[in-house]
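Enquirer: Build me a model from this:
(chains A, B and C)
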Amino acid sequence: MAAAGGKRKWATPGMVVQVRTRRPGEDGASMVRVGFTTSRKIGNAVQRNRARRRLRACVDDVLPGRVKPGLDIVVIGRLGTRDRPFSALKDDFVQCLKKLDALDNGEHGTQGFTS
RNA sequence: CCAGACGGUUGGAUGACCGCGCGCAGCACACCGAAAGGGGCUGUGGGAGGAAAGUCCGGGCUCCACGGGAAUACGGUGCCGGGUAACCCCCGGCGAGGGCGACCUUAGGGAAAGUGCCACAGAAAGAAAACCGCCUGCGUUUCGACGUAGGUAAGGGUGAAAGGGUGCGGUAAGAGCGCACCGCUCCAAGGGUAACUGCGGAGGCAAGGUAAACCCCACCGGGAGCAAGACCGAGUAGGGACGAUCAGCGGUUCGGCCGCAGGCGCAUUCCCGCGCUAUCGUCCGGGUAGGUCGCGUGAGGCGUUCGGCAACGAACGUCCCAGAUGAAUGGUCAUCCAUCGCUUCGGCGAGGACAGAACCCGGCUUACAGACCGUCUGGCUUU
RNA sequence: GCCCCUGUAGUUAAAUGGUAUAACACUUGAUUUGUAAUCAUGGAUUGCGGGUUCGAUUCCUGCCGGGGGCA
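Expert: Below you'll find the model as predicted:
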């Protein structure tokens, strides 16, 4: 919720991404946490689940080792999430991270993330 | 070959890698939690439907209520026979209606038990009825007709519907008044388990429609639903028991034991009455969050044989086949199979119907790209 | 998942089985120099599809949409 309320977000046809940097005092300062949101606009329960799974698969593909630690990321599904080709979906995600200045050029291992 | 009717099957296939939740086996950690309980890794097994949908019927199961029976009320069902655990379901038949036909549709008991309704129009909407018309008698007459007493349902007009239809005879005019044919009602041989059918006979024809209007008759029905229900069980706030301490006044057998006062509640004001009264500790019980079970061997699937026109039943063999709970089936790739578009006929591109289990079964209804199989009807052509 | 309620003009509501009615809003016209007010005027497949009936908003039935409740 804190991430969703923040100002840092970017939208593409495949998804909307919101980012928040955790304060030092919070738990898991070195981890990246990812949350997914799929609203009823997308369709019924099965269509929402499928959109959510596609987003999760996309994040699992892209994320490891490329994102600054200590971030909370919220990925929101849109109508396009269901039918968009997977490679385009990945491109969307990378573009979002770039625009939100979340990509990490240095060496950080993947400390794990929860969703 | 064209057009059509009915029934059934299927609901993309194979493989690879990475994931998801569940079962089983093994291993490890003592990781989360107060507890109940949950979790990690590895291997392995299987993981949506014919409608899983709508929640419209019928059951199982669970809790609640209930001594038995009957009646009433309310709700449902409603041709006959069969099937089934049961049904508003299914099968077979009957009647009625539709179609050239294959075939389809059908809430289809009772209208001489009673009540209601049938708007508008029309004279009249039900044991009826004379508006126009037709005919007869009498009276008047300006010879056109008018008045009056009757007869008459053939004609006109109204309506969804006007109390058989057509023709001939008959008559003052008419009329089942008589006759023929058709229809109808009643009796009824024979057939059929029955619904029903009906050889034959009788009757001049009565009894309009509506019961998905009230109703009558027969039969059936207790209520709620897995968010049912059962077990384990924090914290907080109530409840109970025990112990300790304190009180505005008085008493005291020194026990929160008794009385008074005060406060609060019994809708409100006064009087009376009734009930409860503070703090701390320990224990007990109900119960909430949370957790576990319920939860999948079942009216079960498949196959063969037998009985039955069929629905279905029986016997034998064989198989174990989803179980989530902020809720698992996904992602990517390759080859093929349908489909569509472009095509220089080599290919290229797009792209997969309706739809997603939530306690479980039997039905119904609704949605559905296509593909395949079988039976039958009508028409055309050829032999 | 289960259980209820509801659907009529643009909106809010009526209507014994018998021409779908009213208010507000809207369209068009009249009145006015113009506006308001006033007068006239038009607009509904009764959510959709079947059935019963001579006739259905009403009765029966199947779908569709909207709203509410149950731990």
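
Enquirer: any idea which element A:Leu97 lies in?
Expert: Per DSSP states H and E, A:Leu97 falls inside helix A:86-99.

Enquirer: what do you get for A:Gln47?
Expert: helix A:45-62.

Enquirer: what about that helix, average pLDDT?
Expert: Helix A:45-62 shows a mean pLDDT of 72.

Enquirer: Just checking, which helix or strand succeeds the least confident helix or strand in chain A by mean pLDDT along the chain?
Expert: The helix or strand of chain A with the lowest confidence, counting by mean pLDDT, DSSP states H and E, is helix A:2-5 at a mean of 50. Per DSSP H and E, the first helix or strand lying C-terminal to helix A:2-5 is strand A:9-11.

Enquirer: got the buried residues for the very next helix or strand once past that next one?
Expert: Counting by DSSP H and E, the element after strand A:9-11 in chain order, helix or strand, is strand A:15-21. Buried residues in strand A:15-21, defined by neighbour count with 16 or more other Cβ atoms under 10 Å: A:Met15, A:Val16, A:Val17, A:Gln18, A:Val19, A:Arg20. Glycine gets a C-beta too; all of them are placed from N, C-alpha and C.

Enquirer: mind listing what the residue nearest to the third one when sequence neighbours are not counted touches?
Expert: This points to A:Val17. Leaving aside its sequence neighbours, A:Val17 sits nearest to A:Cys96 (Cβ to Cβ, 6 or more residues apart in numbering; 3.9 Å). Residues in contact with A:Cys96 (Cβ atoms under 8 Å, 6 or more residues apart in numbering) are A:Trp10, A:Ala11, A:Thr12, A:Met15, A:Val17.

Enquirer: Identify, from these, the entry nearest to RNA strand B.
Expert: Minimum distance to RNA strand B across the contacts of A:Cys96 is 14.0 Å, recorded for A:Met15 (Cβ to the nearest atom of the strand).
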